[in-house]
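J.: Return a 3D structure for these sequence lines:
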Amino acid sequence: MNKTFKWVILIIGGLVLISFGIYKLSTLFAPGSYPYAQTYELNFSEDKIIQAIAKFKADNPDYIVPKVKIDNSGSFDLPDERKDSSDHWYHIYFYLKKENVIIYAWTRPLTKSKTTFAFVSINKGLSIGNWQKINHDLSSNENDKFIQVFETEILNPIKKN
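T.: Reported below is the predicted structural model:
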C-alpha cells in the first residue's frame with residue numbers, strides 16, 4: 001500500500017467517526033418536551049378525543065391502570081388529567097394487562113378541530129419509575145411491537161368512537 005491510499009483511508013475513517021459522533025451528540029439536544037413521542041394527528045377537537053378515550057376506557061375497563069406503587073410502596077391512582085390550566089397536555093394512562101405495561105400518552109390541541117395524540121413511553125410493571133421512552137429507549141423490535149399494539153388496541157378504537 002502506498003502512503004496516499006493510507007491517508008485516504010484514514011481521512012474517510014475519520015470523517016465517518018466524526019459524523020457518527022455529531023449524530024450521537026445531536027440526540028442529546030433533542031428539542032421539545034417529548035422529542036421521541038410517536039405522534040398522531042386526529043381530525044377532531046381535543047374535547048371529543050378526551051370523551052372518546054373516556055368511552056373507550058368505560059367500554060374496555062382492562063385498559064384502566066390499577067393502583068400503582070412508587071418505589072415499591074404506597075398505592076396510588078394514575079388519573080387522566082391536565083395538571084393545571086397552564087399545562088399544554090392532557091395526560092393519559094393505559095394498562096396492557098397481557099404485557100403488564102403502563103402506556104403514557106397525551107393529547108394537545110393543534111387547532112380547534114385537530115388534536116395531536118402522542119404515545120410517549122411505557123412503564124413495565126405497576127411500580128412507577130421504570131419509564132422507557134418510545135422511539136428512544138427500547139430495542140427496535142420492542143418499539144415496533146408496542147407501537148403496533150398501541151395503534152391496533154387503543155388508537156384505532158378511539159378514532160372509531
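J.: just the strands in this structure please.
T.: Assigned by DSSP state E, the strands in the chain fall at 38-42, 68-70, 73-76, 90-96, 101-109, 115-124, 127-128, 131-133.
J.: is it possible to export these to a markdown table including mean pLDDT?
T.: Listed next are these as a markdown table, based on pLDDT from 0 to 100:
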| stretch | mean pLDDT |
| --- | --- |
| strand 38-42 | 96 |
| strand 68-70 | 91 |
| strand 73-76 | 86 |
| strand 90-96 | 98 |
| strand 101-109 | 97 |
| strand 115-124 | 97 |
| strand 127-128 | 92 |
| strand 131-133 | 96 |
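J.: The ones you listed: which one's closest to Gly13?
T.: If you check each of the strands of the chain against Gly13 by C-beta to C-beta, strand 131-133 wins as the nearest, at 31.9 Å. No exception for glycine: its C-beta is placed from N, CA and C like everyone else's.
J.: Remind me what the closest one packs against, helices and strands.
T.: Applying 3 or more C-beta pairs under 8 Å, 6 or more residues apart in numbering; DSSP states H and E, one finds that strand 131-133 contacts strand 115-124.
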